[in-house]
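Enquirer: My questions concern the predicted model and sequence given below.
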Amino acid sequence: MSQTRVLVLNSGSSSVKYQLLDMRDSSRLAMGLVERIGEQTSRLRHTALATGDTREQNGPIADHQAALKAVAEELAKDGLGLDSPELAAIGHRVVHGGMFFTEPTVIDDAVLTEIERLIPVAPLHNPANLTGIRTAMALRPDLPQVAVFDTAFHTTMPESAARYAIDVKIADRHRVRRYGFHGTSHAYVSRATAKLLGKAPEEVNVIVLHLGNGASASAVRGGRCVDTSMGLTPLEGLVMGTRSGDLDPAVIFHLQRVGGMSMDEIDTLLNKRSGLFGLCGDNDMREIRRRIDEGDEEARLAFDIYIHRLKKYIGAYYAVLGRVDAIAFTAGVGENAAPVREAAVAGLEELGLAVDGDLNAVRGDEPRLISPASARVAVAVVPTDEELEIATQTYALVGRGN
Ligand SMILES: Nc1ncnc2c1ncn2[C@@H]1O[C@H](COP(=O)(O)OP(=O)(O)O)[C@@H](O)[C@H]1O
Ligand SMILES: CC(=O)OP(=O)(O)O
Ligand SMILES: [Mg+2]
């Protein structure tokens, strides 16, 4: 039997997203999401695409290992279990690939060791990615397991964008530089945006705004990333759900020296108790919009700070690119929150940017333009599909000969 299927695992800090695809036509056979892992209110939602059946399981799922076992059981119920002889490989999202991984990579012991070594610079993500890999390896030790790195797409950044302005020797010794993340999404969305414009990726310059729980912007010139807002870790850049994004590094010295906080406490503060959550107690944009509609000033200010930072990055990447053909909004907030898109480009008419209210209000799963026909720069909503991109890259690596 030919091996044409790829299972993709996107293990996040408290969730696992997965898809099983048939790579002959890139069609999805099954997909799902395990949320709130480690809490009492975990939920698994599984959809088998052949029948359209969706099943939901509610109740505590203690850790990522338990989550993956539950996913394997759900797949097996549809006759799509991990024991399938049609499975060619399992593709894993790995957030930090450091300096060495610029391509999708078949995972062996040396690769595992390197992903583990990078935990200090992706503490919320790499441990979950590793658990996903190890659990999948235990279930199917015979199958190739492929790592697709968030950092890979950004390795084309020039040194002028990738380096921090600190002592070069110290930076090199500790590999302190800007790596960037969400690269699989930035790659997929920038290509899909070119397609929406009816052009080849080489012909267009795009600013991609990936606004999920983590959020990052990138400047993509002719299909290659030239700058991105996340840095050594996924903490730099935009205001996020629970992360601060950019701040004066001296804030950290101040909190330690004057505020008496430990480094670990400051780390937790900036990664888990900042961003929208730190500003107003909510990290979900739906809840923030609801509160704003009720006249809540705290939520309004959190939204305004989020938008202010986003707008600054649009301006910065406009300057970096010189010519911009399109701005693409993607991920949970970018795809769903029309008020965020409207506010982010408001007042930028001089840059050729505008959003049409009616087009912006349309909901859907397809890439679409939301700028008026007369606008110089296209503004688009382009749903991301990290799982499809990971499956494509995985199959390209291991599926040859099928
Ligand atoms: N209908 C919506 N309106 C506004 N925001 C939404 C909507 N749906 C999802 N979101 C936002 O998307 C976020 C999750 O985005 P997602 O890309 O799935 O994040 P991640 O992959 O980082 O978990 C949620 O926290 C929420 O703020
Ligand atoms: C790198 C990163 O921030 O990922 P996520 O948005 O999934 O948390
Ligand atoms: Mg995400």
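Expert: Alright, I've got the coordinates. Ligands and ions are numbered 1, 2, ... in the order given.
Enquirer: Does Leu33 lie in a helix or a strand, and which?
Expert: Leu33 belongs to strand 27-35 when assigned by DSSP states H and E.
Enquirer: helices or strands up against that strand?
Expert: In this structure, strand 27-35 packs against strand 16-22, strand 43-48, helix 64-77, with contacts taken as 3 or more C-beta pairs under 8 Å, 6 or more residues apart in numbering; DSSP states H and E. Placement of C-beta: from N, CA and C, glycine included.
Enquirer: Need the contact partners of the longest one.
Expert: Applying C-beta atoms under 8 Å, 6 or more residues apart in numbering, the external contacts of helix 64-77 come out as 7, 9, 11, 16, 18, 20, 30, 32, 34, 37, 42, 44, 46, 55, 57, 61, 81-83, 128, 131-132, 135-136, 139.
Enquirer: So what's the gap between that helix and the chain middle?
Expert: Put simply, helix 64-77 sits 23 Å off its chain's centre (C-alpha atoms, centre = their mean, to the nearest Å).
Enquirer: Pull up the pairing partners for the helix or strand just after it, direction included.
Expert: Toward the C-terminus, helix 64-77 is succeeded by strand 87-94 as the next helix or strand (DSSP H and E). The pairing partners recorded for strand 87-94 under DSSP bridges are strand 5-11 (parallel), strand 145-149 (parallel).
Enquirer: pLDDT at Met401, what is it?
Expert: Careful, residue 401 is Gly; it's not Met. We have a pLDDT of 48 for Gly401.
Enquirer: ok so, going back, the strand holding Leu33 versus strand 43-48: what angle between them?
Expert: 170 degrees (axes from the mean of the first three to the mean of the last three C-alpha atoms, to 10 degrees).
Enquirer: now strand 27-35 against helix 64-77, angle please.
Expert: Between strand 27-35 and helix 64-77, the angle comes out at 140 degrees (the same axes, to 10 degrees).
Enquirer: in strand 27-35, what's buried?
Expert: By neighbour count, and taking 16 or more other C-beta atoms under 10 Å as the criterion, the buried residues in strand 27-35 are Arg28, Leu29, Ala30, Met31, Gly32, Leu33, Val34, Glu35.
Enquirer: Just the buried ones from the contacts of helix 64-77, in PyMOL syntax?
Expert: This is the PyMOL syntax for the buried subset of those, where burial follows 16+ other C-beta under 10 Å:
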select buried, resi 7+9+11+16+18+20+30+32+34+37+42+44+46+61+82+128+131+132+135+136
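Enquirer: ok, which of the contacts of helix 64-77 also contact ligand 2?
Expert: Checked against ligand 2 using C-beta under 6 Å from any ligand atom, the contacts of helix 64-77 yield no neighbours at all.
Enquirer: This structure against ligand 2: which residues are in contact?
Expert: Gly12, Val95, His125, Asp150, Phe181, His182, Gly212, Asn213, Gly214, Pro234.
Enquirer: Same list, those residues, but as TSV with pLDDT, distance to ligand 1 and secondary structure please.
Expert: Shown next, in TSV, are these (pLDDT from 0 to 100; distance: C-beta to the nearest ligand atom, whole Å; DSSP: H, G, I helix; E, B strand; the rest coil):
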residue	pLDDT	distance to ligand 1	secondary structure
Gly12	81	6	coil
Val95	96	11	coil
His125	91	10	coil
Asp150	97	11	coil
Phe181	97	11	coil
His182	97	9	coil
Gly212	94	3	coil
Asn213	89	3	coil
Gly214	94	5	coil
Pro234	96	10	coil
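Enquirer: Please list only the buried members of those residues.
Expert: The neighbour count (16+ other C-beta under 10 Å) marks Gly12, Val95, His125, Asp150, Phe181, His182, Gly212, Asn213, Gly214, Pro234 as buried among the residues of the chain next to ligand 2.
Enquirer: Now do the contacts for the third one.
Expert: To tie it back to what came earlier, the one meant is His125. Gly12, Ser13, Val95, His96, Asp150, Pro234.
Enquirer: Phe101 sits in which helix or strand?
Expert: Applying DSSP H and E, one finds Phe101 in no helix or strand.
Enquirer: check contacts around it.
Expert: Val94, Val111, Glu114, Ala147, Phe149, Thr151, Ala152.
Enquirer: Next, count neighbours for the fifth one.
Expert: Right, Phe149. Using other C-beta atoms under 10 Å, Phe149 is surrounded by 29 other residues.
Enquirer: So it versus Asn126, what's the distance?
Expert: 10 Å (C-beta to C-beta, to the nearest Å).
Enquirer: The third one now?
Expert: In this structure, Glu114 and Asn126 are 10 Å apart, going by C-beta to C-beta.
Enquirer: more neighbours, the two?
Expert: Taking neighbours as other C-beta under 10 Å, Glu114 and Asn126 compare with Asn126 leading, 22 against 19.
Enquirer: right, and that one touches Ile119 too?
Expert: Yes - under the criterion of C-beta atoms under 8 Å, Asn126 makes contact with Ile119 at 4.8 Å.
Enquirer: for the residue in the stretch 251-400 of the chain positioned nearest to ligand 1, what are its contacts?
Expert: Proximity of the stretch 251-400 of the chain to ligand 1 (C-beta to the nearest ligand atom) peaks at Gly332, 2.0 Å away. Taking C-beta under 8 Å, 6+ apart as the criterion, Gly332 is in contact with Leu211, Gly212, Asn213, Met285.
Enquirer: you'd agree the last one is up against Val340?
Expert: Yes - with contacts defined as C-beta under 8 Å, Met285 counts as touching Val340 at a distance of 6.7 Å.
Enquirer: which residues do those two both contact?
Expert: Contacts common to Met285 and Val340, judged by C-beta under 8 Å, 6+ apart, are Val333.
Enquirer: Looking only at neighbour counts, state which of those two leads.
Expert: Shown here are Met285 and Val340; by other C-beta under 10 Å, Met285 has more neighbours (23 against 20).
Enquirer: circling back to that earlier point, Throw the helices and strands packed on strand 27-35 into a markdown table and include mean pLDDT and distance to ligand 1, thanks.
Expert: Listed next are the helices and strands packed on strand 27-35 as a markdown table, based on pLDDT from 0 to 100; distance: least, C-beta to the nearest ligand atom, whole Å:
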| stretch | mean pLDDT | distance to ligand 1 |
| --- | --- | --- |
| strand 16-22 | 96 | 7 |
| strand 43-48 | 96 | 13 |
| helix 64-77 | 93 | 14 |
